[in-house]
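Colleague: pasting the sequence and the predicted model now:
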Amino acid sequence: MTSPEFGNEQPEPAGDTRAAELSDRLELVRHRIESAARDAGRSDLPRLIVVTKFHPAADVRRLVALGVKDVGENRDQEAASKSAELSGADVRWHFIGQLQSNKAKSVAKYAASVQSVDRTQLVDALAKAVLREKDATGRNDLDCFIQVSLDDDAGAHRGGARPSDVEVLAGKIESADGLVLSGLMAVAPLGADPEAAFERLAGISEALRAVHPAATGISAGMSQDLEAAVRFGATHLRIGSDILGSRPAVG
Ligand SMILES: *Cc1c(COP(=O)(O)O)cnc(C)c1O
């Protein structure tokens with residue numbers, strides 16, 4: 001497996017065609033989000049998280065220049081390196097991938113949120129890491145989204161806690177110093193109807209909010225299914241390939 005290259009970018013020459021391409025694609029996605037919200041009769045707009053995984057730090061810099069405030073990454077090593085390269089930039093980093101507990105310390109240094117909290121052991125590790133980082137640097141509390149699996153069984157498993165485990169995790173996050181319970185995150189199951197999946201997620205969110213009223217976040221919707229997610233109340237969208245283009249294959 002080879003690592004994609006990131007970092008070490010030269011300053012961009014005038015007439016940056018990549019910046020123009022990102023600008024056009026970003027504009028298209030913003031239009032899609034606005035019309036989806038209008039069609040759904042929503043007066044609010046979900047927050048756009050641009051998923052920059054596998055793409056270089058220079059692209060994040062271009063996106064920040066285009067007004068992007070939130071980016072998503074799914075691998076700690078890559079995210080740590082890119083966020084260090086952009087230190088000082090006005091952008092929040094969201095961790096959206098499977099996370100090993102031993103990476104919590106690193107993630108606490110740059111992440112504004114972890115959207116893939118799926119087990120109590122990870123909650124413990126994040127709480128410890130965030131407290132240490134708060135003492136050292138005064139960082140803010142970490143926003144935590146519980147990732148819920150919407151697969152019926154082991155089938156096409158794409159990560160996440162079972163819906164029946166959400167309440168235990170929620171209680172644990174809420175009682176942890178330094179962590180904020182933001183809500184839920186999910187990925188629509190492969191090959192299934194995203195509408196049905198996001199409708200189910202909305203129901204799980206409603207049950208969560210009955211106990212934790214502040215946990216209003218619903219992070220759902222990717223390039224292929226953002227319209228369905230907006231219809232079922234997504235507050236955060238995670239869009240990668242429709243803005244950045246296809247990712248280089250790993251393998
Ligand atoms: C890669 C990724 C996305 C973005 O997917 P696109 O199809 O490229 O928009 C969103 N969420 C998660 C969890 C991801 O890993």
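Modeller: Great, that's in hand. Since this is a predicted model, take the numbers as computed values, not measurements. Numbers count the residues shown, from 1 in each chain.
Colleague: neighbours of residue 217, just the number please.
Modeller: Counted with other CB atoms under 10 Å, the neighbours of residue 217 add up to 25. Bear in mind the C-beta positions are built from the backbone N, C-alpha and C, glycine included.
Colleague: what secondary structure does the closest residue in space to it that isn't next to it in sequence sit in?
Modeller: Leaving aside its chain neighbours, residue 217 sits nearest to residue 183 (2.7 Å; criterion: CB to CB, 6 or more residues apart in numbering). Under DSSP: H, G, I helix; E, B strand; the rest coil, the three-state class of residue 183 is strand.
Colleague: closest point of the stretch 151-251 of the chain to the ligand, which residue?
Modeller: Here the stretch 151-251 of the chain gets closest to the ligand at one residue, residue 240, 2.7 Å apart by CB to the nearest ligand atom.
Colleague: what residues are up against that residue?
Modeller: Residues touching residue 240, when contacts are defined by CB atoms under 8 Å, 6 or more residues apart in numbering, comprise 50-53, 72, 222-223, 247.
Colleague: tell me which helix or strand residue 167 sits in.
Modeller: Here residue 167 sits within helix 166-174, counting by DSSP states H and E.
Colleague: quick one: list the elements packing against that helix.
Modeller: helix 120-137, strand 142-147, strand 179-185, helix 194-211 (3 or more CB pairs under 8 Å, 6 or more residues apart in numbering; DSSP states H and E).
Colleague: following element in sequence after the last one, please.
Modeller: This points to helix 194-211. Following helix 194-211 in sequence order, the next helix or strand is strand 217-219 (DSSP H and E).
Colleague: give me the contact list for that following strand.
Modeller: When contacts are taken as CB under 8 Å, 6+ apart, the neighbours of strand 217-219 outside the stretch itself are 49, 96, 115, 143, 145, 182-186, 201-202, 205, 229, 232-238.
Colleague: if we use 7 Å, what do you get?
Modeller: Contact partners of strand 217-219, identified using CB atoms under 7 Å, 6 or more residues apart in numbering, comprise 115, 145, 182-185, 201, 205, 233-236, 238.
Colleague: tell me the helix or strand right after it.
Modeller: Sequence-wise, the next helix or strand downstream of strand 217-219 (DSSP H and E) is helix 226-231.
Colleague: for that next one, packing partners?
Modeller: On a contact count with 3 or more CB pairs under 7 Å, 6 or more residues apart in numbering; DSSP states H and E, helix 226-231 meets helix 17-39, helix 194-211, strand 236-239.
Colleague: with mean neighbour count added, can I get those in CSV?
Modeller: CSV is the format used below for these (neighbours: other CB atoms under 10 Å):
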stretch, mean neighbour count
helix 17-39, 15
helix 194-211, 17
strand 236-239, 25
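Colleague: looking at those, which is closest to residue 102?
Modeller: Distances from residue 102 to each of the helices and strands packed on helix 226-231 were compared by CB to CB, and the smallest falls on strand 236-239, at 24.4 Å.
Colleague: what distance separates the closest one from the centre of its chain?
Modeller: Taking CA atoms, centre = their mean, to the nearest Å, the mean C-alpha location of strand 236-239 is offset from the chain mean by 7 Å.
Colleague: mind checking pLDDT for the nearest residue to residue 51 once chain neighbours are set aside?
Modeller: The shortest distance from residue 51 to any non-neighbouring residue, by CB to CB, 6+ apart, is to residue 240 (3.4 Å). Confidence at residue 240, expressed as pLDDT, is 98.
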